[in-house]
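*Asks:* structure, please.
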Amino acid sequence: MTVIFGLVKIYFSTGGYETAKVGDTFLKIGVGILVKPEEEKYFFATPYKNVNSGTWKTKQKSDQVKFTQKLVDTNYAYEYKKTVQLTKGKPELVLSHTLKNTGKQVIETNVYDHNFFVIDQQPVSNDVEVSFPFALASETPSVQPLGKVQDNKILFERELINNEHLYYKSLTGFSNSVSDYDIKIENHKTGAAVKITSDHPLVKVVFWSAPKTVCPEPYIHLTIQPGEMVTWKINYLFYTLQDLK
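*Replies:* Residues are numbered from 1 along each chain as shown. Just a heads-up that it's a prediction; the model follows:
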């Protein structure tokens, strides 16, 4: 039996952090209103003080779970909904999102899914291939001889061990076409694979992997005027390499 773990949470970029002074607040959608400490720059792992996390509700059905966060604050207000749903009759999981700006400030943010795939409990090795529908280029090539960018693929040279990481800070080559948001992760030892697509175009691609996980991180951009709402989806289609024969 094939088992694929992943889909670690979506991350939004911050709102108002750059202009906030020490002690002022800034926005992190999906988290809340945070206090800016004395530091050189924002760091995702900093335990910022949360002074307003809004309200959260969860609704569950047999094939889906819906999460809703409502937040109202002095500078920002929004309603964020995320639904995790299985597609009937198809090996697919769909993440559906809506974000409504109910405040007075424009909300502009990048958002990505960390993914964090683990396939059949196998280590990350040269059995794994990650492919895109365009020729890849790397502005910041990995300094470790653990893998390489070749044509439209990321290939591993060998099995990753201990604290080794293959990391590309910025992968380029994509266009503003939605069709370029089409990422495949395939394990050629077990035959298990997943295809990731979206209804929004890419604006940035980061790649990170460790001995037990493979993480393509595709970003999209959202601009929401006061009173407006945006929607977006991410589709995960699971398949085996045998299906392609």
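
*Asks:* my guess is residue 21 meets residue 36, correct?
*Replies:* Yes - in this structure, residue 21 is within contact of residue 36 by CB atoms under 8 Å, at 7.1 Å. C-beta coordinates here come from the backbone N, C-alpha and C atoms, glycine included.

*Asks:* when these two are compared, which one has more neighbours?
*Replies:* Higher neighbour count among residue 21 and residue 36: residue 36, with 21 against 7, using other CB atoms under 10 Å.

*Asks:* from residue 19, how far out is the more buried one?
*Replies:* 10 Å (CB to CB, to the nearest Å).

*Asks:* where in the protein is pLDDT low?
*Replies:* Filtered on pLDDT under 70, the chain yields the residue ranges 1-10, 140-144, 244-245.

*Asks:* secondary structure element for the residue nearest the centre of it?
*Replies:* By CA atoms, centre = their mean, the chain has its centre lying nearest to residue 113, at 1.1 Å. Assigned by DSSP states H and E, residue 113 falls within strand 107-115.

*Asks:* okay, that strand in CSV with CA atoms only?
*Replies:* What follows is strand 107-115 as a C-alpha-only set of coordinates in CSV (Å, rounded to 0.1, in the frame of the first residue of the first chain):
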residue,chain,number,x,y,z
ILE,A,107,-4.2,43.4,1.9
GLU,A,108,-1.3,42.4,-0.3
THR,A,109,0.5,39.1,0.3
ASN,A,110,2.3,36.1,-1.1
VAL,A,111,1.2,32.7,0.0
TYR,A,112,2.6,29.3,-0.4
ASP,A,113,2.2,25.7,0.8
HIS,A,114,5.3,24.1,2.5
ASN,A,115,4.1,20.7,1.2
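
*Asks:* buried sites along it?
*Replies:* By neighbour count on 16 or more other CB atoms under 10 Å, the buried set for strand 107-115 is 107, 109, 111-115.

*Asks:* how close does the residue nearest to the centre of the chain get to residue 35?
*Replies:* Separation of residue 113 from residue 35 (CB to CB): 27 Å.

*Asks:* how about residue 203: what's its closest non-neighbour residue?
*Replies:* The shortest distance from residue 203 to any non-neighbouring residue, by CB to CB, 6 or more residues apart in numbering, is to residue 221 (4.5 Å).
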